[in-house]
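Engineer: No letters, just coordinates:
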């Protein structure tokens, strides 16, 4: 089987940096994706890591360590609009497997 | 504009009633998916389809049925056998089944009367 672990909730201050971790156990691992979902909305794709290292896309960065079965999403210069749920998802040769999500609350 | 549409936005079901949720995409994607989301939970896969006239059960298929007669359409029927259908249902598509990027519709919230 497969499993993904993420913290259920994280709170951070506007303008700060926050890291959302994801550990996974799965066979046939190809890479790790991250999605953002605002309350009542649809998940949207943020980033994907197939190789070890850091991928940067504007204020968001994502990191993967295949040897540690671990990744994280880094959000910099937090804004109130970043308050949302963030899901990691494992890519295999079958449909993505999603974690339960981390609810990020950005406070002033 | 290309994208995925789901209808209706809200749906009410009476006891013992089957209801069908619509999902249409104009992205020319081969793969389509249905997910169920409960409060504070992740996305649980109900069914997916890799190609027209083909579909596979996901992790929680019991009480649900699907069809894929056209590439653009992947309707989900919530049958009376599904005893706890109240949830947020999300449809998604991707170029292929194993793609890291899925595109989601706006969702349908199903409530039981």
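Structural biologist: Looks like it arrived, so ask away. Computed from a predicted model, the values in this text were never measured in an experiment. Numbers count the residues shown, from 1 in each chain, chains lettered A, B, ... in the order given.
Engineer: Just want the most central residue of chain B.
Structural biologist: residue B:34 (3.0 Å; C-alpha atoms, centre = their mean).
Engineer: just checking, it is part of a strand?
Structural biologist: Yes - under DSSP: H, G, I helix; E, B strand; the rest coil, residue B:34 falls within a strand.
Engineer: Identify the bridge partners of it.
Structural biologist: Counting by DSSP bridges, residue B:34 forms beta bridges with residue B:47, residue B:91.
Engineer: Contacts only, for it.
Structural biologist: Contact analysis of residue B:34 by C-beta atoms under 8 Å, 6 or more residues apart in numbering or on different chains lists B:21, B:23, B:45-48, B:58, B:64, B:66, B:74, B:76, B:89-92. (C-beta placed from N, C-alpha, C; glycine too.)
Engineer: which of these are buried?
Structural biologist: Buried members of those, scored by 16 or more other C-beta atoms under 10 Å in any protein chain shown, are B:21, B:23, B:45-48, B:58, B:64, B:66, B:74, B:76, B:89-92.
Engineer: Skipping its backbone neighbours, what lies nearest the residue located most distally from the centre of chain A in space?
Structural biologist: Here chain A reaches farthest from its C-alpha mean at residue A:108, the gap being 22.5 Å by C-alpha atoms, centre = their mean. Counting by C-beta to C-beta, 6 or more residues apart in numbering or on different chains, residue A:14 is the residue found nearest to residue A:108 once chain neighbours are left out, at 5.4 Å.
Engineer: Check residue B:73 too.
Structural biologist: residue B:24 (5.4 Å).
Engineer: any idea how far that neighbour is from residue B:70?
Structural biologist: Distance, residue B:24 to residue B:70, using C-beta to C-beta, to the nearest Å: 9 Å.
Engineer: These two: which is more packed in?
Structural biologist: residue B:24 (18 against 11; other C-beta atoms under 10 Å in any protein chain shown).
Engineer: Brilliant, that's me finished.
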